[in-house]
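Asker: I would like to see how this sequence folds:
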Amino acid sequence: MDRKETEIKERVSEWLNTTALWQKILCFLQIILSAVIVVFAFMGLNDIIPIFTTNTVDLVLLAVLFVVSGVRLFPEKKLCTYIYFGVALLMLGILAVGFML
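Answerer: As a prediction, this is how the structure comes out:
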């Protein structure tokens, strides 16, 4: 277990040394958004914010998560970026249609 732990520490250290600051910020934002989405999905929002439904907030947060993911991948993988942005627009479109109905 000690060897595996050392390998993980080396990889994390290498990532911290070679990655730009804006990519680190986006990565941590991605992790935080994912955790918030999971918490809201399990707990619900009716007690916290009674105006919004859990589905509405989760859909918006998922769209933001997809935009952040797309921005992170933009320089290297443009096709994945376009897919992420397309899915985010689709989610926001579904949300807009839901408000109109």
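
Asker: neighbours around residue 15, how many?
Answerer: By other Cβ atoms under 10 Å, the residues close to residue 15 number 12. Every residue, glycine included, has its C-beta placed from N, CA and C.

Asker: Against residue 8, how distant is it?
Answerer: Noted for residue 15: a distance of 11 Å to residue 8, by Cβ to Cβ, to the nearest Å.

Asker: where does the chain dip in pLDDT?
Answerer: Within the chain, the ranges that satisfy pLDDT under 70 run 1, 41-55, 58, 73-75, 99, 101.

Asker: Just give the closest residue to the residue most central in space within the chain, not the sequence neighbours.
Answerer: When Cα atoms, centre = their mean is applied to the chain, the residue found nearest the centroid is residue 65 (2.8 Å). Nearest non-adjacent residue to residue 65, counting by Cβ to Cβ, 6 or more residues apart in numbering: residue 33, 4.6 Å away.

Asker: wait, that neighbour sits on residue 64?
Answerer: Yes - counting by Cβ atoms under 8 Å, residue 64 is a contact partner of residue 33 at 6.3 Å.

Asker: quick one: contacts for the closest residue in space to residue 56 that isn't next to it in sequence?
Answerer: Counting by Cβ to Cβ, 6+ apart, residue 56 lies nearest to residue 95, which is 6.6 Å off, once chain neighbours are set aside. Contact partners of residue 95, counting by Cβ atoms under 8 Å, 6 or more residues apart in numbering, are 56, 59-60, 63.

Asker: Neighbour-wise, which one of those residues leads?
Answerer: In terms of neighbours by other Cβ under 10 Å, these top out with residue 63 at 21 neighbours.

Asker: what about it, is that helix, strand or coil?
Answerer: helix (DSSP: H, G, I helix; E, B strand; the rest coil).

Asker: what do you get for residue 15?
Answerer: helix.

Asker: Quickly note the distance from it to residue 9.
Answerer: According to Cβ to Cβ, residue 15 stands 11 Å off from residue 9.
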